[in-house]
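1. turn this into a model:
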Amino acid sequence: MEKDDFFDKRAMPRPFDPKTLDRSVIAIPLLEKIEAEVKEIEKAKERWPNISEQFTGAMFYNPEFPGGLPAARKRAGELLAEAKALTKQASVREKVDSPAPESDGRYSFTRLSGQLIRKLLALNSDLTERPILRVVPSRFEVIIDPNLDLPEGRDAAKAWIITNIESAKTKVGVVDDEQRIHERKSALSHQYIFARLEGRVIKELVRRDAKNAQVQLKAEQNKKAAAQGEAQAARQKVRGKQVVEAKTNTNPNRYRAIFRIWPDFAISSCIMKSLSTVKADAAQTSFSAHGRDIAWAVMDSGIEADHPHFKLHGNIDPASPLHGDFTEGSETPKGKNSALVDLFGHGTHVAGIIAGEQKADGTKATAKKMRAVIRSVRGYEDGDLPRVETQEIPLESIRGMAPRCRLVSLKVLDDDGHGAVSNLIVALAHVQEKNGHGRRLLIHGINISLGYDFDPEWFACGQSPLCVEIDRLVRSGVVVVVSAGNTGYGAVASQQRNTNAGMGVTINDPGNAELAITVGSTHRDMPHVYGVSYFSSKGPTGDGRVKPDLVAPGEKILSAATGKLLLDKADDKKVAYVEDSGTSMAAPHVSGVIAAFLSVRREFIGRPEKVKDIFLSTATDLKRDRYFQGAGLIDLMRAIQSV
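-> Next comes the predicted model:
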């Protein structure tokens, strides 16, 4: 590859100038994609000034396609022919050129209509092995939210947007009838405008809106100044009469037609269904709540640092001194940190719910990693005895609640899943030490998906050494999230017979700790229908306090798998993800959600009791008993918007 290849993968987007474009208008993840792509287009134009006279874009081929780049180009050509046959309006002038000499066969310049590109990419996405990586420029499906505070009203804002989209296309030299407003859909919505636009057009539209807002503000200021001048003259004529002068609004955002531009995501069947249950997907889209620069410790069986789920965002730093192994006798491969080896599997599954992400990109290597095993019960419908069946499925994407959150492994269970309370206590002391007892927060939160049955003969409820140390850690500024336990269902004796039933006062330690956020389990995507999981431990605590504090999805949760858990659940299939259930899976949902919250509401870092109050006050009431559901289902969007 030549040094000046404008498609150099290592190229980084140039620093963004907030004077040119208000970042808050375009959703941050979308804006980052736009900026990177616009840079590529600008570099191409610098190198080939007349390129737009011949071509309108570029097609990238998949180097890992079976047979390599030549086979990918051949298959892409076949898809193009199929797309042309399906697109009746395709022109004979539309073409894909031979690979550019400097590209090493990686890409070709193209002249294709937007309609043909959409059909081509749709055919490509249906394939297991995809020959096409991407086509530049992208046509983004977007939702434009007009500004309700515009003085002339919402309809005026929508009219301005509709008028200026075509002007923006002309300004940046885009001639593409497929980049337009979706009129039928937009007409059905009183609030939003739906459109398909490329990045350059979106940026130009926002730039024009900002400029127009400044003009409107200046006109309003001049109008107010003239009125104040007349009032001053009137004062001079009418002695003793007081004139009230209105202050000029100096915020130009009030005069903008566009409030926000969101991605209009393609919908498909969702594997990580619990992501939407707690509204983490909406918060990631709307507020870029990805957990960036937040560190969360997982007290468990370790985290398998080599799992592909944690590679994309580099969630685990193997060299970090924050990791620690507090067990005895763990087997550690030579040259590895024992805290970052998980032969039991529980800790990796928990960590994968909190953070990490993996996306399918059509390559063979990724396709092997992006597979999961799910389980279902069969037989009831045929009147037979129930049986468990496993099914291997491919994944398009999977991510934790806070995909960019940094993870710290504090190993307190050994390779067989055994451990002692003392392991937890010394791990808590380790966090206190690393955090300088609250003077410098290197670890912002802890997840403890472990526990033991509370016995009042030993300690007053919530006053065990472990609970005391947890409360002390919370007071030092660390959020502590604990699973409620899975002992909420058992046998009850009556005069007539024994029966199985939900059982109260079954919260496990350390879930009884007053300042911990204790989490029960609910259904992964239908919590209002199914309520609290039958196995989830229930309150009150032994001394009458309300616990659990919240509930979160904990049934059949898909996450990263390794070690014994993978062997037990994968049914000999070569996969990287499996399902597991329990309040152990519910707690990391809450940990990840809070990490995401702190990444965008950073003023609450170090204020765990306030964070707990926010999430309890914004939880969704599932209309279940308080000792079953606590405050209700955790809701990230509502929490972010409440402060």
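
2. report pLDDT for the spatially closest residue to residue 434 that is not a sequence neighbour.
-> What sits nearest to residue 434 in space, not counting adjacent residues and going by C-beta to C-beta, 6 or more residues apart in numbering, is residue 442, at 5.3 Å. The C-beta positions use only the backbone N, C-alpha and C, and glycine is treated the same way. Note on residue 442: pLDDT of 98.

3. same check on residue 236?
-> Residue-level confidence at residue 236 comes out at 59, pLDDT.

4. so residue 609 sits against residue 515, correct?
-> Yes. Contact status for residue 609 versus residue 515: in contact at 6.5 Å, counting by C-beta atoms under 8 Å.

5. please say which of those two ends up with more neighbours.
-> Each of residue 609 and residue 515 had its neighbours counted (other C-beta atoms under 10 Å), and the higher figure belongs to residue 515 (17 against 12).

6. and the gap between the more buried one and residue 549?
-> Per C-beta to C-beta, to the nearest Å, residue 515 is found 10 Å from residue 549.

7. overlap in contacts of these two?
-> When contacts are counted by C-beta atoms under 8 Å, 6 or more residues apart in numbering, the set common to residue 515 and residue 549 consists of residue 612.

8. the stretch 351-500 of the chain: helices as residue ranges?
-> For the stretch 351-500 of the chain, the helices defined by DSSP state H, counting those that start in this stretch occupy 364-369, 421-434, 465-475.

9. now the first one: mean pLDDT?
-> Just to be clear, that refers to helix 364-369. Across helix 364-369, the per-residue pLDDT values average to 67.

10. what about the residue nearest to residue 434, how many residues close to it?
-> Residue 442 is flanked by 15 other residues according to other C-beta under 10 Å.

11. OK, contacts around it?
-> If a contact means C-beta under 8 Å, 6+ apart, then residue 442 has 295, 322, 434-435 as its contacts.

12. in strands, which of these fall?
-> residue 295 (DSSP state E).

13. make CSV out of the contacts of residue 442 and add neighbour count and distance to residue 190.
-> Shown next, in CSV, are those (neighbours: other C-beta atoms under 10 Å; distance: C-beta to C-beta, whole Å):
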residue, neighbour count, distance to residue 190
295, 20, 43
322, 19, 50
434, 19, 52
435, 20, 50
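
14. joint contacts of residue 609 and residue 515?
-> When contacts are counted by C-beta under 8 Å, 6+ apart, residue 609 and residue 515 have residue 474 as shared neighbours.

15. count the neighbours of the closest residue to residue 73 other than its chain neighbours for me.
-> Using C-beta to C-beta, 6+ apart and skipping the chain neighbours, the partner closest in space to residue 73 is residue 61 (5.6 Å). By the other C-beta under 10 Å criterion, the neighbourhood of residue 61 contains 25 residues.

16. same check on the one 10 residues further on?
-> Here the number of neighbours of residue 71 (other C-beta under 10 Å) works out to 15.

17. now residue 396: how far from residue 117?
-> Residue 396 sits 20 Å away from residue 117, taking C-beta to C-beta as the criterion.

18. more neighbours, the two?
-> Summary of the neighbour comparison: residue 396 and residue 117, criterion other C-beta under 10 Å, with residue 117 having more neighbours (24 against 14).

19. which residue packs closest to that one, ignoring adjacent ones?
-> That would be residue 135: by C-beta to C-beta, 6+ apart, it lies 5.5 Å from residue 117.

20. show the pLDDT at that neighbour.
-> Residue 135 is assigned 92 on the pLDDT scale.

21. host element of it?
-> Remark: residue 135 resides in strand 132-136, with elements defined by DSSP states H and E.

22. partner strands of that strand, with direction?
-> Looking at strand 132-136 with DSSP bridges, its partner strands are strand 57-61 (antiparallel).

23. quick one: average confidence on the strand it pairs with?
-> When the per-residue pLDDT values of strand 57-61 are averaged, the result is 91.

24. next structured bit after that strand?
-> Once the chain leaves strand 57-61, the next helix or strand it forms, by DSSP H and E, is helix 68-86.

25. what residues sit buried inside the next helix or strand after that next one?
-> Read in the C-terminal direction, the helix or strand following helix 68-86 is strand 95-99, with elements assigned using DSSP H and E. Burial within strand 95-99, assessed by neighbour count using 16 or more other C-beta atoms under 10 Å, is assigned to 96, 99.

26. do stretch 436-451 as well
-> Within stretch 436-451, the residues scored as buried using 16+ other C-beta under 10 Å are 441, 443-451.

27. which of those residues has the weakest pLDDT?
-> Ranked by pLDDT, these bottom out at residue 451, which has 87.

28. can you give me the strands in the stretch 101-250 of the chain?
-> Along the stretch 101-250 of the chain, the segments classed as strands by DSSP state E, counting those that start in this stretch run 107-111, 132-136, 139-146, 180-181, 193-198.

29. one more: the stretch 451-600 of the chain?
-> In order along the chain, the stretch 451-600 of the chain carries the following strands (DSSP E, counting those that start in this stretch): 479-483, 489-493, 498-502, 517-522, 550-553, 557-560, 577-580.

30. can I get the ones you listed in a markdown table including mean pLDDT, distance to residue 49 and mean neighbour count?
-> Formatted as a markdown table, those follow (pLDDT from 0 to 100; distance: least, C-beta to C-beta, whole Å; neighbours: other C-beta atoms under 10 Å):
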| stretch | mean pLDDT | distance to residue 49 | mean neighbour count |
| --- | --- | --- | --- |
| strand 479-483 | 97 | 55 | 30 |
| strand 489-493 | 72 | 72 | 11 |
| strand 498-502 | 75 | 73 | 12 |
| strand 517-522 | 96 | 59 | 31 |
| strand 550-553 | 97 | 54 | 30 |
| strand 557-560 | 94 | 48 | 26 |
| strand 577-580 | 92 | 48 | 24 |
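
31. quick one, which of these gets closest to residue 642.
-> strand 550-553 (14.8 Å; C-beta to C-beta).
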